[in-house]
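Peer 1: Generate a structure from the sequence data that follows.
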Amino acid sequence: MTATVLRALQFWGLERAGFTLAARRENEVWQVSDGVRRLALRFHRQGYRTEAELRSELVWMEMLGQAGLVVPQPLRLPDGSLLGQIEGRHVSLLTWLDGRPLGKMGCLAPDLDPEDVGRMVGAQMARMHDLSDAWTPPEGFQRPDWRCAGLLGSEPLWGRFWEHPHLNAEQRQLLIAARDWALAGFEDFAPDSDEGLIHADLVAENVLVDQQTVAFIDFDDGAWGYRDFDIATVLVKFIGQPQYGPLRASLLDGYAVRRRVDPETLDFMLLLRALTYLGWIMSRLDEPGGRERSVRMLDSALRLVKEFMEEKH
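Peer 2: Here you go, the predicted structure:
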């Protein structure tokens with residue numbers, strides 16, 4: 001792989017730069033240093049995103065960064081393009097951001113105050129959504145659509161969650177009923193939904209905190225969707241943790257610079273967010289830690305389904 005990284009860096013004239021593997025998950029990421037800057041070289045997962053979708057992700061991030069939001073900035077190739085290609089894989093190069101994750105595995109970093117950091121994250125999310133609404137995407141802009149059909153249709157973006165192989169018959173019927181019920185009442189549960197471009201993956205690991213600065217990374221799942229779904233993504237893995245209540249309240253307080261969020265709509269989006277993870281994990285059950293994550297995701301989703309349906313009936 002070292003030779004492939006060197007060849008990729010040549011696209012940007014960085015063949016003399018040092019590099020180390022930073023992450024091998026959905027994408028393979030290498031931290032690169034040329035002695036002055038630290039950069040992130042990404043090898044994009046084959047078959048996950050089209051070239052148009054990848055280019056759209058990068059141009060969106062470029063706009064947000066130029067407008068002052070702290071997000072990774074793509075480095076264009078000498079010909080002005082945003083992507084290279086090597087051995088059948090697309091590659092991109094981004095600025096490396098300092099900061100430490102908001103938390104891990106649904107737990108806030110122990111020295112962070114949920115009220116302070118929640119307010120900062122909420123305000124930055126509001127700014128990201130405002131900037132995205134004020135922007136006119138270029139011709140050919142393409143990102144997935146994670147609105148009603150993408151969440152609850154016959155072929156959801158992340159898979160048919162009600163077919164998770166570890167569901168028993170009773171649980172499967174519960175999820176099928178919940179899906180039918182959510183589809184039928186979608187407009188009632190999410191009235192006047194605020195729609196537009198969303199990050200869609202602002203889990204704790206993708207929110208970096210550096211003193212009073214909050215940065216968002218990993219826009220790989222950015223999509224057209226509901227802003228309350230974006231907020232739910234920040235919160236869903238904290239459910240059941242002591243920080244959940246104050247984090248939720250302060251996040252919404254920070255986001256209120258844009259608009260007030262209806263608590264019932266947010267609860268509905270938390271349910272939908274939990275269901276999507278059941279579809280996501282289905283193709284990853286045999287990866288290291290996949291089955292353990294699946295147990296947690298099933299527990300969370302089934303608990304939210306039962307609570308929500310009992311409350312509404």
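
Peer 1: Spell out which residues make up each domain of this structure.
Peer 2: Using automatic domain parsing, the domain parsing of the chain gives 2-97, 101-312.

Peer 1: Could you dump those domains into CSV and include mean neighbour count?
Peer 2: No exception for glycine: its C-beta is placed from N, CA and C like everyone else's. Below are the domains of the chain laid out as CSV (neighbours: other Cβ atoms under 10 Å):
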stretch, mean neighbour count
domain 2-97, 16
domain 101-312, 18
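
Peer 1: possible to save these as TSV with mean pLDDT?
Peer 2: Formatted as TSV, the domains of the chain follow (pLDDT from 0 to 100):
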stretch	mean pLDDT
domain 2-97	94
domain 101-312	94
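
Peer 1: Confirm Asp116 sits in a strand?
Peer 2: No: using DSSP: H, G, I helix; E, B strand; the rest coil, the assignment for Asp116 is helix, not a strand.

Peer 1: So it sits against Leu247, correct?
Peer 2: No: counting by Cβ atoms under 8 Å, Asp116 does not reach Leu247; the two are 10.3 Å apart.

Peer 1: In the protein, mark out all the helices, start to finish.
Peer 2: 2-10, 51-66, 114-134, 148-152, 169-184, 186-189, 227-235, 244-255, 263-282, 290-312 (DSSP state H).

Peer 1: between the ones you listed, which gets nearest to Ala204?
Peer 2: Among the helices of the chain, the nearest to Ala204 by Cβ to Cβ is helix 227-235 (7.9 Å).

Peer 1: Excluding covalently adjacent residues, which one is nearest to Phe189?
Peer 2: Phe268 (4.1 Å; Cβ to Cβ, 6 or more residues apart in numbering).

Peer 1: Quick check: Ile124 vs Asp253, distance?
Peer 2: No, residue 124 isn't Ile; it's Gln. Per Cβ to Cβ, to the nearest Å, Gln124 is found 13 Å from Asp253.

Peer 1: Let me fix that, I meant to ask about Pro72.
Peer 2: 27 Å.

Peer 1: likewise Met125?
Peer 2: Taking Cβ to Cβ, one finds Met125 at 12 Å from Asp253.

Peer 1: again with Phe189
Peer 2: Phe189 sits 23 Å away from Asp253, going by Cβ to Cβ.

Peer 1: Brilliant, that's me finished.
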